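J.: have a look at this prediction, sequence included:
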Number of protein chains: 2
Amino acid sequence: MNLDEVAKRAGVSAATVSRVLNNLNVVRDSTRERVMRAVSDLNYHPNLHARSLAGGKSRTIGMIASNLENPFFFDIFRTLEQDCHASGYEVLAAHTGYSPEQLIRSVRTMIGRRVAGLAVIVSEMAPDLMEELELSRIPTVFYDVGLAKHHISNIRVQYRRGIEHLVEHLHALGHKRFAFVGHHSLLGPTSEREQAFIETMRRVEPAPEWRTVADQDGPEGGRRAIAGLLDTGFQPTAVICVNDYTAIGVLRELRERGLSVPADVSVTGFDNIQLSEYCFPPLTTVHIPRDRIGHLVFEALAPKSGDAESEGREIVVEPELILRQSVSKAI
Amino acid sequence: MNLDEVAKRAGVSAATVSRVLNNLNVVRDSTRERVMRAVSDLNYHPNLHARSLAGGKSRTIGMIASNLENPFFFDIFRTLEQDCHASGYEVLAAHTGYSPEQLIRSVRTMIGRRVAGLAVIVSEMAPDLMEELELSRIPTVFYDVGLAKHHISNIRVQYRRGIEHLVEHLHALGHKRFAFVGHHSLLGPTSEREQAFIETMRRVEPAPEWRTVADQDGPEGGRRAIAGLLDTGFQPTAVICVNDYTAIGVLRELRERGLSVPADVSVTGFDNIQLSEYCFPPLTTVHIPRDRIGHLVFEALAPKSGDAESEGREIVVEPELILRQSVSKAI
DNA sequence: TTGAAAGCGCTACCAG
DNA sequence: CTGGTAGCGCTTTCAA
């Protein structure tokens, strides 16, 4: 089923069918109607591959995320998608499951699809990819990795600041034994959070005891991580989690061990996802404005009429401490 | 940047470059190497649109879900994606946010992309779509909607059975005032759950008091729904939620009103998503095997070598009651 | 307002 | 093993 058959059935040329389908208002109404009729009679659906091939441009934006299951990433996706739809763009989402190989595959696929722009919101990062993307000349946004370049923008969240807020708050409450629950991922924002944690620990007076552990991203990973740590005999009074999603698992494990939060142990998350208000107790966390990030990504990728070809920018996002019931004074 | 430029640079024909890129092992090693070198020198990425256009087949499977944020849908997606990747397929995911218009757009886009198969896992359903898809001859799987047809398979979960299990269990525990918390969506599985609830209520002796309410899918919707109901003065001792994700919001609202679960109110979910074990208290729910569903979808869509052109099948999935701590005897 | 025809970049078939 | 070439289905001039 193709344009020609539709054209034949409508008694017009392929060009005219194309005009109708693309809303070029140069077609006589009667002709347009005949075409539309043929289209629906034949259950015709334009081949999008042919369309992009012939048209050149793509009107599609790609987003690659480490873990779309984590609401943090999904919230960014949702906002980006809304903005895109509002401007007639499609969004293609891919997730890597934190696998660097999958990341490479996804990036290549996106380039192969000739997306109009690409958002790479991942923690794992292969350095060569940056160059591959730069060379591809596709407008790209990275999240917390690398530096802005010609076609590459960069959004960076002041994770360090967020962690510092958290630690200072807990420290002021008298906590002296800290744990950091991270997740596996070689580079990027995660380890920035861990680094910030470690450095802050070293700076604080009097020097606290502290440990770091890591497992998968998510409730299950968080649960296993804290379980492993507690099994070593270390008894933190404050547990700082790399993100809210992981913190949910920590809360459960503590609860099942008969440890009360925050009476026995204070717990913090990061991101301020919706679930952080719905878990028990609600999490003290650090707000990262995913919606704002989504909008920023869109702005960086969609060529606003006027901008010739926007250069890559460096965009900084400030986090904000959110106090809830999962934290209290040290025992 | 295209095949020809690569061919020129490598001093071979476009056909040969194509052979190398497609791993047709008929190319001399030295030639292959020269080509690969040219490819990487030029940072060449094959145009996937041209490829599918020329090749005809697509090696891509589409999945449309109502709400990818709800782990129920995401789990199906994850499994499907794993199976697909293992067999060299790509997956294109779209979500509709329960919007029938978006569903139509997504389906059309998928057809336009000429996907090799399409999974439509949604609650909202426009009847004409079924025919549009049937006519498109794309192998399709619907979830709990319509009937199997020529190219259309159907997975149906015995929701009715699941709800009955739940109600009987609660009834046996002496509950006499029930609430059903649903979510908006005109047709399909959701209302099947609600219908099952209503019919079961009418059948049970002695006749219980009951109400149904609905809001969005998700914690926020669940919270608002139960809040609205409680504000009317109705005091259920058992709240049956359309799914676990929504139940999380119900748990929070009850907690904030000082109602203890399960001492004051019993709450049940549906789906048995991972979070149902992580919330407080852990939810009594009904297990729906999302991984099995994911596998079934894949099998129904990917033409296993051997099958000429598998006919649409009707596949039935049995749910299973899972008892946890969110339910107890009526006060 | 409409038609004819030249590509878009790639695969696949036919020769050599 | 390699090259030439005819499409795949659509958009987009250029003419009419």
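T.: Arrived safely, thanks for sending.

J.: what is the burial count for the closest residue to residue A:287 other than its chain neighbours?
T.: Of all residues not flanking residue A:287 in the chain, residue A:272 sits nearest, at 3.9 Å (Cβ to Cβ, 6 or more residues apart in numbering or on different chains). For glycine as for every other residue, the C-beta is placed from the backbone atoms N, C-alpha and C. Neighbour count for residue A:272, taken as other Cβ atoms under 10 Å in any protein chain shown: 25.

J.: before we move on, what about residue A:327?
T.: 22.

J.: repeat for residue A:69
T.: Residue A:69: 22 neighbours (other Cβ under 10 Å).

J.: apart from its neighbours in sequence, what residue is nearest it?
T.: Nearest one to residue A:69, counting by Cβ to Cβ, 6+ apart, is residue B:74 at 5.3 Å.

J.: and if you look at residue A:263?
T.: Counting by Cβ to Cβ, 6+ apart, the residue nearest residue A:263 is residue A:328, at 6.9 Å.

J.: pretty sure residue A:298 contacts residue A:80?
T.: Yes. Under the criterion of Cβ atoms under 8 Å, residue A:298 makes contact with residue A:80 at 5.6 Å.

J.: okay, these two: which has more neighbours?
T.: residue A:80 (29 against 24).

J.: list the contacts for the spatially closest residue to the more buried one that is not a sequence neighbour?
T.: Excluding the flanking residues, the one nearest residue A:80 by Cβ to Cβ, 6+ apart is residue A:294, at 4.5 Å. Counting by Cβ atoms under 8 Å, 6 or more residues apart in numbering or on different chains, residue A:294 touches A:75-80, A:82-83.

J.: re the thing from before, residue contacts, the residue nearest to residue A:287?
T.: Residue A:272 neighbours (Cβ under 8 Å, 6+ apart): A:244, A:285-288, A:322.

J.: one more: residue A:230?
T.: So residue A:230 contacts A:253, A:257 (Cβ under 8 Å, 6+ apart).

J.: state the helix or strand in which it lies.
T.: helix A:219-231 (DSSP states H and E).

J.: so what strands line up beside the very next helix or strand once past that helix?
T.: Downstream of helix A:219-231, the next assigned helix or strand under DSSP H and E is strand A:238-241. Strand pairing for strand A:238-241, determined by DSSP bridges: strand A:177-183 (parallel), strand A:266-268 (parallel).

J.: okay, the angle between whatever helix or strand comes next after strand A:238-241 and strand A:177-183?
T.: Once strand A:238-241 ends, the next helix or strand along the chain (criterion: DSSP H and E) is helix A:244-256. Orientation of helix A:244-256 against strand A:177-183 (axes from the mean of the first three to the mean of the last three Cα atoms, to 10 degrees) gives an angle of 130 degrees.

J.: run the chain-centre distance for helix A:244-256.
T.: Its chain's C-alpha centre and that of helix A:244-256 lie 22 Å apart, by Cα atoms, centre = their mean, to the nearest Å.

J.: ok, now stretch A:293-307?
T.: Per Cα atoms, centre = their mean, the centroid offset for stretch A:293-307 relative to its chain is 16 Å.

J.: export stretch A:38-58 as CSV, just CAs?
T.: Only the C-alpha atoms of stretch A:38-58 are listed here, as CSV (Å, rounded to 0.1, in the frame of the first residue of the first chain):
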residue,chain,number,x,y,z
ALA,A,38,-9.1,7.0,-1.1
VAL,A,39,-6.8,7.1,1.9
SER,A,40,-9.4,5.8,4.3
ASP,A,41,-10.8,3.4,1.8
LEU,A,42,-7.5,1.8,1.4
ASN,A,43,-6.5,2.1,5.1
TYR,A,44,-3.4,3.9,3.9
HIS,A,45,-0.7,4.8,6.3
PRO,A,46,2.2,6.7,5.0
ASN,A,47,5.6,5.0,5.3
LEU,A,48,7.4,7.1,7.8
HIS,A,49,10.8,5.8,6.8
ALA,A,50,10.3,6.9,3.2
ARG,A,51,9.1,10.2,4.5
SER,A,52,12.1,10.9,6.6
LEU,A,53,14.4,9.7,3.9
ALA,A,54,12.8,11.9,1.3
GLY,A,55,12.2,14.8,3.5
GLY,A,56,15.6,14.9,5.1
LYS,A,57,14.6,16.4,8.5
SER,A,58,13.2,14.3,11.2
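
J.: which residues touch it?
T.: A:1-3, A:5-7, A:9-10, A:17, A:20-21, A:60, A:113-116, B:47-50, B:52-53, B:108-109, B:111-114, B:132, B:135-136.
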